[in-house]
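[1] pasting the sequence and the predicted coordinates here, then a few questions.
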Amino acid sequence: MNETGTADDWVRELDARQRAMLAEMGVKVWTPAAARAPVALAAPPVAAPTPAQPPARTSPPREPAALAPATTAPAPITPPVTARADIAQLDWPALREAVAGCRACGLCESRRNTVFGVGHTEADWMIVGEAPGEQEDRQGQPFVGPAGQLLDAMLRACGRDRQAEDARGVFIANVLKCRPPANRNPAPEEVVQCEPFLSRQVALVKPRLIIAMGRFAVQSLLKTTEPIGRLRGRVHRYEGVPVIVTYHPAYLLRTPVDKAKAWADLCLAMDLYK
């Protein structure tokens, strides 16, 4: 080993025989550690990719069940409803048509026929009753049956006839144009809906006298709740037309004792306008 060499160089120059001899002598020969290659840090074991689990099968969102189209019956074809304000402008044919097609209250659901009115359209006398009964509903005519027969007898006693074709005839109408079920009393809202029809009939007939027969006819024309007994024997007015109050023929059939009072009412009517 030269003076400039290092121990590492000397040790590297010993051959195998020399090393063996030194070992026998008990001389430990230092062996420089071989240059250690940098130990690459082992990368963490990569787990074998687990086969992708198929996504959990989920039920597809349910679409809302299509609603079956409602099977509704087609709406019945009805005549156009005449506005209340327009009724005052109607002539006879249009007024009759408006009454026939009226659906302003629930009575239209149970009626067989509307009861418009009968008689001479320019009569001097106009008879106003309450509401159609069963026979009137069937025939579409006011005052038929026993009550109508009694009315005809009362009119003949006064020299009047519903069949007359001149001013000596009469025009007969009711406050209601449809029959209340089971002949019950007219409801206030039903009277209100029908009043424009009656008012227009009076305006078209232009009677010189109105005879109101029965409580509901009197209350509708005179706008009062006074009983007939307190209103008889006097002349009242409806839209300028004189009004005589008397009992309904159906009431007289049930209460014959009051026929004399009804005859007195007719006599007052004849005195006023014969």
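    Happy to help now that I have it.
[2] what is the burial count for R96?
    Other residues within reach of R96 by the criterion other CB atoms under 10 Å amount to 16. Every C-beta, even on glycine, is put in place using the N, C-alpha and C of the backbone.
[3] oh, that last question was meant for R230, not what I typed.
    With neighbours defined by other CB under 10 Å, the count for R230 comes to 10.
[4] neighbours around V192, how many?
    Using other CB under 10 Å, V192 has 13 other residues around it.
[5] give me the element it is part of.
    V192 belongs to helix 188-205 when assigned by DSSP states H and E.
[6] equivalent analysis for A262, please.
    When secondary structure is defined using DSSP H and E, the element that contains A262 is helix 259-272.
[7] which elements pack onto that helix?
    Contact partners of helix 259-272 among helices and strands, from 3 or more CB pairs under 8 Å, 6 or more residues apart in numbering; DSSP states H and E: helix 145-157, strand 209-213, strand 241-246.
[8] wait, what's in contact with A262?
    Listed by CB atoms under 8 Å, 6 or more residues apart in numbering, the contact set of A262 reads M154, T246, Y247, L252.
[9] likewise G214?
    Counted by CB under 8 Å, 6+ apart, G214 has contacts G129, E130, I228, Y247, H248, A250, Y251.
[10] quick one: the third one from L155, how far?
    Just to be clear, that refers to I228. In this view, I228 and L155 are 19 Å apart by CB to CB, to the nearest Å.
[11] for V115, the count of nearby residues, please.
    The local packing of V115 (other CB under 10 Å) involves 27 other residues.
[12] quick one: it and Q141 touch, right?
    Yes - when contacts are counted by CB atoms under 8 Å, V115 is listed as touching Q141 (6.6 Å).
[13] from A157, how far out is V115?
    25 Å.
[14] ok, residues contacting the helix or strand where R138 lies?
    Here R138, judged by DSSP H and E, is contained in helix 134-139. Contact partners of helix 134-139, identified using CB under 8 Å, 6+ apart, comprise 111-113, 115, 142-145, 148, 174, 178-179, 183.
[15] and which of the residues you listed is nearest F197?
    Distance from F197 was checked for each of these by CB to CB. The minimum falls on N174, at 9.7 Å.
[16] the closest one contacts A131, doesn't it?
    Yes - under the criterion of CB under 8 Å, N174 makes contact with A131 at 5.6 Å.
[17] the more surrounded of those two?
    Residue environment comparison for N174 versus A131 gives the larger neighbour count to N174, 29 against 26, counting by other CB under 10 Å.
[18] run through the residues that contact that one.
    With contact taken as CB under 8 Å, 6+ apart, N174 is in contact with V115, G117, V128, G129, E130, A131, P132, E136, P142, L198, A217.
[19] one more: Q163?
    Shown here is Q163, whose contacts under the criterion CB under 8 Å, 6+ apart are G169.
[20] and it, which of the three is it?
    Under DSSP: H, G, I helix; E, B strand; the rest coil, Q163 falls in the coil class.
[21] K223 versus that one, what's the distance?
    Using CB to CB, one gets 32 Å for the distance from Q163 to K223.
[22] OK, contacts around F143?
    Under the criterion of CB under 8 Å, 6+ apart, the contact list for F143 reads I127, G129, E136, L151, D152, I172, P249.
[23] ok, 6 Å please
    When contacts are counted by CB atoms under 6 Å, 6 or more residues apart in numbering, F143 touches L151, I172.
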